[in-house]
Structure formats: C-alpha cells, structure tokens
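*Asks:* Got a predicted structure plus its sequence, pasted below:
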Amino acid sequence: MNVKTPEQPRSVLLIGVRDAGKTNFLSRLWLALEAARGILAKAGLPSDLDYLATGADHLLKGEFAERTPPDVRDATEIPVKNTSNGHEFLGTLIVPDLPGEQVLSVFRTRQWSNEWEDRIGPGCGCLLFVRVDSTEMIAPLDWLNCHHMFGGPLPVVPPENVSIEKATAPTQVVLVDWLQFLRKAFTERVSGTYKPRIGLVVAAWDLVPHDQKEEGPGAWVASNLPLLAQYVEANNDDFEFEYFGVSVASGDLKANEEFRRAYLKGDPRTAGEVIHSLSGAVKTSDDMTLPVAWALGLAGATGSGGIQEP
Amino acid sequence: MAGGTCENADCTVATTGKCLLSQPVPTECPHFRPPANAEDGLASDSGSSTVEPGTLKMPTQAARKFDWGNELGTQDAIEIMSAKYAHLIGIFGSTDAGKTCFLSSLYLMASGGKLPSPYQFAGSLTLQAFEDRARGLRQWPNGALPKQLVDHTVLFDKRQPSLLHLAIRESNMERRRFDLLMTDVPGEWTKDLALRVSNAASFRFLQRADGIILVVDGNVLNSDQRHAELQRLRYFSERLATDVQVSRDTPFVILVSKADEIGMQVPVSADELRDYIRNLGFPAETILSAAFSRKPAEIENGMGVFNAIEAILFHTAPRNNESHLVDEVQHYPRTFQRFKG
C-alpha cells in the first residue's frame, strides 16, 4: 500500500456542557486508535501523551475518567492514519478537549478566542456531546414549570428533577446557539455553501432505557432535547448531521460492581460501542473511532454510503 | 474575585465582587476588564492558568463576537431583512392583556417540539430573550420607556421596545422557511397612540408589517371594563389606519387571551371590535387563545397562539411568489429603514 503525503492537520471539535462525556470519549478513542481495529488508527505517539494516557489509565482500571477541570485546556494532537475502503489518510487529528465551563462561557459572553477561531476551516468537523442522566443537563422549560412566572395558579406541583433555576439556560438552548455560532463562523471563514459535519453524540448510551434504545440516538434527542432535534432537521441543508450513541464501557463501571468485575476480566482496551444509523437502520459498532472518522469525512453519511472528502 | 475592573465608573465589582448589571458571573459582563497580567481564559497557549478557576473566562481579545441573543433593534432587523424575507408582526394590546404570555407560549411550543405539524423550529437570534421572558426575568422597568423601537440592544440593556426573532420551517416536501420578527412593546404604547397623534411616528414601521395581532383580555371583554377597553382599541385601530397609514391589506388578528377562563366563548365585544376594524378596511378575524391554560387537561396550553401566526402567514400567500420575494428582499430593508424614524 502506498502511503500518501501527510494531509493538513484536521480538527474535530468536542463541544458539550459540563459532564457531557467528552473526556471519557476521548480516552476511549485513544485506546481504540492504539488497538488499530477501526477506521482510524494511530500513526505514532502524540508528542504530549499525558492527558490521553491518564484518561486511558482510568478506563483500563475499570473506572471512568474524571471530567476536565475548568482550568485545563488540552488540544491533543494525534497522528492518525486510515486505510479502510481503499481510502488513505495520514494526518494529524487535533481533538481539543475543553472543559464544559468554556463552552458555557462562550455561550454567555457571545464571543470566542483564537483558540476556537483557528480551528474553523475546511475539513473541520464537530462532535456535540450530551450525556444521558447527567445532573448538569438543564431540562427545557415547559408551561408547567414556568406557569407561576405569570402569576396564575399552579395547576399541579412542578415535576421533580426539573431545574427551573432562573439564570441557567437549558442545555438544548446552549447547543442550538452553539450551532448558530458555528454556522456563522464556517460561513465567514470557509463559505456559505460549505456543509460542516456535525455529529450529535449521546454519551452513556448504556443508561438509555431498553425500550428507547431501538429507536436510536436521534429519537432520544428528539424526546429529551426537542428544540435541538428540530433545529437539526430544519437545517440539514446547512450542515451535515449524524447522530451517534456512545458507551465507553457498555455498562456502568461506577454503580454496577458485577459489571465492573466482568469488564476487567475481559479486555478493557477493546470495550465500548457506538450506535449509529450511517446505513439508514440503527446499528451497533465496536469501532469507537467511528464518530471522529465520520466527522473527518472518512466514513459515509446516511444514505451516501461512501467516503466524502471535506 | 481575582482582580479586574469595570469600564462603568459606577460599578464596584473590583471591590465588592458584585456586578452593577447583575451578571451572575461578574467576569462575564462585557464591561469587565481583567487585570493586565491575567491570562486569557481561552486564548492562551499555555497549559496552566494562574487564575482562580471559574473567576476569569472572558477573553481579553475576542477573535469573533456573536449576536447577544437578546432582543433585536431596528438596525438588526434591517440586516436580517437584507438577507432574506422576514415576516414583521406587530403585537399590541393594553397592559396585562397577555402580549408577553403570547410570545412566551409560542416559544415554549418551539422549545418543547410542540409546534403544530408540519412546522419545526429552525432557529432564533433571540433565544436568550425568549428564555428570559418565559422565566419572568425580563420585566418592563419602572419609569419612562423609549417611544420607538431601539436601534440595537445589548446584553446589559433593560427591556426595551424591540423585536424578537423566530424561524420556523415546514417539514413537508415544500420545506418553506418563515422568519418571524415580532414586536415586544409595552402596553403603554397602545394607550399612547390612541391618545396622541404625535406618537404615530413610532409606529411607522408598521407600514411594512405583514400582520397585526391585537391582544385583548377575554376576562376584560366579559366585564364592566369592556366598553372602555373597546373604545381604547377602536381609537388605536383608527390611528393605525389614518395616522400611521398601515396598508389596508394588512391582516389583523383580534386575539382573545385567557379564553380558558371564559369558557372558550368569543365575547360579543371581540366580534364588535373585529367588525369595526373590518369597516376601517382591514381583513380581520377573531381567535381565542389560552397561552397558559388554567385547565390544561381540558384546554391545551398554547391553544390559538400558532393559529394567529398562521392567519398572518397565509393571508400574505401571494408574497410567496418567488419573483415578488426578490423584489421584497431588495425593497423592504430600505423601506423599514425609512420608517424607523
């Protein structure tokens, strides 16, 4: 096989509020790149391995990686290659794992710095994360939980577990505004006709109730984050969207000790699964590089079946 | 607080840590300036930070700035209308008639994926403004309010007469997109125009309007106050016709709010108002609405809200003709500019 000249570094931006599952996904991605069983494989060791190795260590020990502290900025550069389907790719994958606080800060201050701006260009893809059962996910408002704002009688007590903190924007509002930011930035830095690939990643997919799993991650987002789901559907001529469900361990390492023992008895390097609909139907893959490969244009979009150059 | 000052001379954030403009995170206030030696929370290449976590996230030099997400001013609206056709809808009514409830209910329908089929939420440049209204955070301030729509609004402005934006799109084969620009003005405006012709200049932008929604409280229309309310709205409508010179093909919706509290019966006086407006030469219809239903088991929340929007969108059906659209895209921003006073 001939190896092509290394391509320009490509970025995949990981975007999500606090506790959205970005760090664990990145840790699992690194283990998958090392194992070289998926679409993407490592093409050498990153110059700075500390962040990735620390996260991977947690997963190998049967525990989830801790979330990125607010003052940490990691722009991991991973030399990667792809040899699937006859398409060759050799390049540097830049996967910045920025803490959710910064994602929220950009939303609140309505501006971003060069660190974000410089990543926006041709070939840049994004993965937007939400995590099932995250206590940091702010539920959308509805008539029930804001009824009292208008002075009328409350028909019933607002449901439990629904945050109505006055100053906190619902997660779906933050993510829709982020998509609007990205569209504006891509239009001005690349072109108005460029369709960036945006993967919507539902992390901790194993925690989704069984009866909802069949419908796939798109249906889960439509049910839990309807504003985001509708924005995605209504703007699919401005972006290329795809939904993924990811589970870095295929079970709960924290709450299920029995599962954890079985996980460690097996091969923790190759655990995890990705749920996707790239071929139209909901399918499960053990290739944890799939969302990143798709965001880079190295895996087919729904219906296209092939590889799309960015 | 890890140091830093405010551009606003009256703000004591540097010493008290409290933002004059009540920003939950003072360092995120646009007027906050970090100390000279502080690192940029996002832009630095350094892997370490000397700044207390959570205290400084504001980039000193932003590479890109986005819309505030708050209300839009007339200049913002002109920019939108320069790029695409937008439906301008004036929403008026007396104080507490239910104008804010109408806007909030429309937003909650979008937020909950409950817009009637085939419509879907397609975007908004004023998401934060909708959120603030739904949370009761954006009340009209006490004291005198501006007498015309503002040019621009920014994050720290108090609520001002302005516009809210909501884009919807059909999910059927046609996939038409509608960008709605809806006014958010205080009830005093309705009263002021009725009383003084000198206020007509503030309403001139309505010559470009695609529709007008007059919100009237159903309880009021069934009470002893109905005669005075009806008289006020007759004055208001007549001013729009004669002094503001709103085009006679502009559809009016008389939106009877709190219809769940009046047994879903159209008050006789609502139809009297509709007939009066029709006699002025405008197309007009009455729609019952329950933006926030007191009896959600019987009458759905948001009932009638989207019907009012649809009544306006589809009254202007000829404007969906493409060649006409091109003309409007070029023409209306200039027209709007001329009207904004």
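*Replies:* Great, that's in hand. Numbers count the residues shown, from 1 in each chain, chains lettered A, B, ... in the order given.

*Asks:* what's the following helix or strand after whatever helix or strand B:Thr183 lives in?
*Replies:* Using DSSP states H and E, the element containing B:Thr183 is strand B:177-184. The first helix or strand that comes after strand B:177-184 along the chain, using DSSP H and E, is helix B:187-195.

*Asks:* Just list what the strand holding B:Thr183 packs against, helices and strands only.
*Replies:* Contact analysis of strand B:177-184 by 3 or more C-beta pairs under 8 Å, 6 or more residues apart in numbering or on different chains; DSSP states H and E lists helix B:74-83, strand B:86-93, helix B:99-111, strand B:162-170 as its packing neighbours. Yep, even glycine has a C-beta here, placed from its N, CA and C like the rest.

*Asks:* Could you check the angle that strand makes with helix B:99-111?
*Replies:* 150 degrees (axes from the mean of the first three to the mean of the last three C-alpha atoms, to 10 degrees).

*Asks:* Can you tell me the strand partners of strand B:177-184 and which way each runs?
*Replies:* Strand pairing for strand B:177-184, determined by DSSP bridges: strand B:86-93 (parallel), strand B:162-170 (antiparallel).

*Asks:* okay, those strands in JSON lines with mean neighbour count, mean pLDDT and distance to B:Ala129 next?
*Replies:* Converted to JSON lines, these look like this (neighbours: other C-beta atoms under 10 Å in any protein chain shown; pLDDT from 0 to 100; distance: least, C-beta to C-beta, whole Å):
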{"stretch": "strand B:86-93", "mean neighbour count": "24", "mean pLDDT": "96", "distance to B:Ala129": "14"}
{"stretch": "strand B:162-170", "mean neighbour count": "24", "mean pLDDT": "95", "distance to B:Ala129": "6"}
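
*Asks:* And the residue of the stretch 1-150 of chain B closest to chain A?
*Replies:* B:Gly113 (2.8 Å; C-beta to the nearest C-beta).

*Asks:* For that residue, which non-adjacent residue is closest in space?
*Replies:* A:Pro226 (2.8 Å; C-beta to C-beta, 6 or more residues apart in numbering or on different chains).

*Asks:* show me what contacts the one you found?
*Replies:* Shown in contact with A:Pro226 (C-beta atoms under 8 Å, 6 or more residues apart in numbering or on different chains): A:140, A:172, B:111-114.

*Asks:* Let me have the helices and strands packed on strand B:177-184 in TSV, adding distance to B:Ala209 as columns.
*Replies:* Formatted as TSV, the helices and strands packed on strand B:177-184 follow (distance: least, C-beta to C-beta, whole Å):
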stretch	distance to B:Ala209
helix B:74-83	12
strand B:86-93	5
helix B:99-111	15
strand B:162-170	11
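
*Asks:* which one of these lies closest to B:Gln139?
*Replies:* Ranking these by proximity to B:Gln139 (C-beta to C-beta) places helix B:99-111 first, at 8.8 Å.

*Asks:* That closest one: which residues count as buried?
*Replies:* For helix B:99-111, burial by neighbour count (16 or more other C-beta atoms under 10 Å in any protein chain shown) applies to B:99-111.

*Asks:* Alpha carbons only: can I get whichever helix or strand comes after that helix in PDB?
*Replies:* Once helix B:99-111 ends, the next helix or strand along the chain (criterion: DSSP H and E) is strand B:119-123. The C-alpha coordinates for strand B:119-123 follow below in PDB (Å, rounded to 0.1, in the frame of the first residue of the first chain):
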ATOM      1  CA  TYR B 119     -43.800  23.300  11.400                       C
ATOM      2  CA  GLN B 120     -40.500  22.900  13.100                       C
ATOM      3  CA  PHE B 121     -38.200  25.300  15.000                       C
ATOM      4  CA  ALA B 122     -35.500  26.400  12.600                       C
ATOM      5  CA  GLY B 123     -33.500  28.900  14.600                       C
END
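
*Asks:* what about whichever helix or strand comes after strand B:119-123, near chain A?
*Replies:* As assigned by DSSP H and E, the chain's next helix or strand after strand B:119-123 is helix B:127-134. Yes. Interface with chain A: helix B:127-134 contributes B:127-128, B:131, B:134 (C-beta under 8 Å from any C-beta of the partner chain).

*Asks:* Low-confidence stretches in chain B?
*Replies:* Low-confidence segments of chain B (pLDDT under 70): B:1-61, B:137-138, B:140, B:143-149, B:152-158, B:316-341.

*Asks:* all strands for it, in order.
*Replies:* For chain B, the strands defined by DSSP state E occupy B:5-6, B:32-33, B:64-65, B:86-93, B:119-123, B:162-170, B:177-184, B:211-217, B:252-257, B:284-288.

*Asks:* which one of the ones you listed lies closest to A:His210?
*Replies:* strand B:119-123 (28.6 Å).

*Asks:* can you list contacts of that closest one?
*Replies:* By C-beta under 8 Å, 6+ apart, strand B:119-123 touches A:176, A:180, A:227, A:230-231, A:233-235, B:110-111, B:113, B:115, B:166-171, B:177, B:306.

*Asks:* Go again with 7 Å.
*Replies:* A:180, A:227, A:230-231, A:233-235, B:110, B:115, B:167-171, B:177 (C-beta atoms under 7 Å, 6 or more residues apart in numbering or on different chains).

*Asks:* same check, this time on stretch B:252-265
*Replies:* Under C-beta under 7 Å, 6+ apart, the answer for stretch B:252-265 is B:97-98, B:101-102, B:211-219, B:221-222, B:266-267, B:270, B:273-274, B:277, B:282-291, B:293-295, B:299, B:304, B:308, B:311-312.

*Asks:* That stretch: which residues count as buried?
*Replies:* Buried residues in stretch B:252-265, defined by neighbour count with 16+ other C-beta under 10 Å: B:252-262, B:264.

*Asks:* cool, and stretch B:63-70?
*Replies:* Buried residues in stretch B:63-70 (16+ other C-beta under 10 Å): B:63-64, B:66-70.

*Asks:* Can I get those residues in CSV including distance to A:Pro217?
*Replies:* Shown next, in CSV, are the buried residues of stretch B:63-70 (distance: C-beta to C-beta, whole Å):
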residue, distance to A:Pro217
B:Ala63, 32
B:Arg64, 30
B:Phe66, 27
B:Asp67, 30
B:Trp68, 32
B:Gly69, 27
B:Asn70, 32
